[in-house]
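K.L.:
Turn this into a structure:
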Amino acid sequence: MDAVVQPRPTARAPSPATYDILAPAALLAPVVLASPHSGSEYQPDFLAASRLDIAALRRSEDCYIDELYAAAPQLGLPLIRARFPRTFIDPNREPYEFDSEMFVEALPGFVNCASPRVTAGLGTIPRVVTNGEEIYPTKLRLADALERVKLYYRPYHEALSKLIAHSQERFGLVLLLDCHSMPSVGGPMDRDAGSRRVDFVLGDCHGASCGAKFVEAAETHLAARGYHVTRNIPYAGGFTTRHYGRPGERRHALQIEINRALYMNEENFERRPHFAALAADLRGLMMRLADIARDTARR
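P.N.:
Down below sits the predicted model:
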């Protein structure tokens, strides 16, 4: 399924497609890219149910991350991107991280109501946007949340799982890059609230989700181009890196967070002049990691 860049933002009726795959003509390296939070298709019924407007909801978007990595298929690497916004349902969470205070009914036993993400209001169905504003004026029905999991969350992860499995079957190894952006200043629910952030944060779940050679190569590549890079603080990796990253099984997952101030105006969402240069640097990063992944697979 080839992808076409969608207008941003949009308010549209439900679509049968919940994700796009930017597929290469040929798979040239064991690297898969995912952009779970760049979705910008806001359904009218979601907007009607929210107490916030699109501009407020978009503060939680990883705006343009899919565009910054759009060279992936030219390099022989597939990229999957969600079309739905993370404020509607967040695919970088467990499937049932629900806040019991958000729902009319009591929640079933399989729901994780006590995770740190839920406590912060940022579960699978988020309660707040990144600045702490509440999304909904009233409580939700559990059936609606379960439908979102079925129609949006599950198809995205099924497609991502297939991309990962296909790459590993082809090469014997796979590296998943989970691509994100972060506000330039820590938000009220973050442990670095009010602090200015670095340019890049590489999250490998403190070494548990990705081999050191990939993390070190990414850090070296970015630092050589003048970026300030840290590891695991304040983001060590979300559900995607924890769930798919299994280095012992030759399945690696690295989360990459980019400071939004590098490439966009965080108030009006306009791209900054550095956008193209950053995209070029990320193209170089993908090439470097693809080379290492190929060499590692051959061994």
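
K.L.:
In the stretch 101-250 of the chain, mark out all the strands, start to finish.
P.N.:
With strands called from DSSP state E, counting those that start in this stretch, the stretch 101-250 of the chain shows them at 174-182, 200-203, 229-231.

K.L.:
which residue is nearest the centroid of the protein?
P.N.:
The centroid of the chain falls nearest to residue 36 when counting by CA atoms, centre = their mean (3.6 Å).

K.L.:
My guess is it contacts residue 92. True?
P.N.:
Yes - counting by CB atoms under 8 Å, residue 36 touches residue 92, with 4.9 Å between them. In short, each C-beta sits where N, CA and C put it, glycine included.

K.L.:
how far out from the middle of the chain is stretch 65-84?
P.N.:
12 Å (CA atoms, centre = their mean, to the nearest Å).

K.L.:
So what would you say the end-to-end distance of it is?
P.N.:
The first and final residues of stretch 65-84 sit 14 Å from each other (CA to CA, to the nearest Å).

K.L.:
Give me the below-cutoff pLDDT ranges for the protein.
P.N.:
Across the chain, the ranges flagged by pLDDT under 70 are 1-16.

K.L.:
Pull the contacting residues for the nearest residue to residue 92 once chain neighbours are set aside.
P.N.:
Of all residues not flanking residue 92 in the chain, residue 238 sits nearest, at 4.2 Å (CB to CB, 6 or more residues apart in numbering). Residues counted as contacts of residue 238 (CB atoms under 8 Å, 6 or more residues apart in numbering) are 92, 93, 178, 203, 255.

K.L.:
In CSV, list the C-alpha atoms belonging to stretch 276-293.
P.N.:
C-alpha atoms of stretch 276-293 as CSV (Å, rounded to 0.1, in the frame of the first residue of the first chain):
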residue,chain,number,x,y,z
ALA,A,276,15.1,20.1,4.9
ALA,A,277,18.5,19.9,6.6
LEU,A,278,17.2,17.8,9.4
ALA,A,279,15.5,15.4,6.9
ALA,A,280,18.9,15.1,5.1
ASP,A,281,20.6,14.3,8.4
LEU,A,282,18.0,11.6,9.1
ARG,A,283,18.4,10.2,5.7
GLY,A,284,22.1,9.8,6.5
LEU,A,285,21.2,8.2,9.9
MET,A,286,18.9,5.7,8.2
MET,A,287,21.7,4.8,5.7
ARG,A,288,24.2,4.4,8.5
LEU,A,289,22.0,2.1,10.6
ALA,A,290,21.0,0.1,7.5
ASP,A,291,24.6,-0.5,6.7
ILE,A,292,25.3,-1.8,10.2
ALA,A,293,22.1,-3.9,10.2
